[in-house]
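> Predicted model and sequence below, questions to follow.
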Amino acid sequence: MALTKEIVIDQITITENGIVLYREATRIMEDGNQISQTYHRYSLVPESDLTDVPANVVAICNVAWTPEIIQTYKDLQNVTN
């Protein structure tokens, strides 16, 4: 009976204002069969520090965060502050 743990990004979503949401699933496996799963959710706003963010999420951020999206996000923050 071998127990293993795997961590995967199983969901990435981009909102209309450029916020990137992603979900990390931690799966406990026993002999190839999943016996447990937990989730951790994260959100990144345009121009967030991407240090220690998984590479596939960084790639999505780099595509989604166009100069226009970044400026729109900044403008929205100025309105709400």
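Right, received. Where do you want to start? The model shown is predicted, which means the values in this text are computed figures rather than measured ones.

> Would you mind listing the buried residues in the helix or strand of the chain with the lowest mean pLDDT?
When the helices and strands of the chain are scored by mean pLDDT, DSSP states H and E, helix 67-80 comes last with a mean of 88. By neighbour count on 16 or more other C-beta atoms under 10 Å, the buried set for helix 67-80 is 69, 73. For glycine as for every other residue, the C-beta is placed from the backbone atoms N, C-alpha and C.

> next one: stretch 32-40
Per 16+ other C-beta under 10 Å, stretch 32-40 contains no buried residues.

> Need the residues that contact it.
23-29 (C-beta atoms under 8 Å, 6 or more residues apart in numbering).

> Could you do stretch 7-27 as well?
5-6, 34, 36-46, 54, 56-57, 60-61, 64-65, 69-70, 72-73, 76.

> mind checking the end-to-end distance for it?
6 Å (C-alpha to C-alpha, to the nearest Å).

> Would you confirm that Glu6 belongs to a strand?
Yes: using DSSP: H, G, I helix; E, B strand; the rest coil, the assignment for Glu6 is a strand.

> which stretch of helix or strand covers the nearest residue to Glu6 once chain neighbours are set aside?
Of all residues not flanking Glu6 in the chain, Arg27 sits nearest, at 5.0 Å (C-beta to C-beta, 6 or more residues apart in numbering). Under the criterion of DSSP states H and E, Arg27 resides in strand 20-30.
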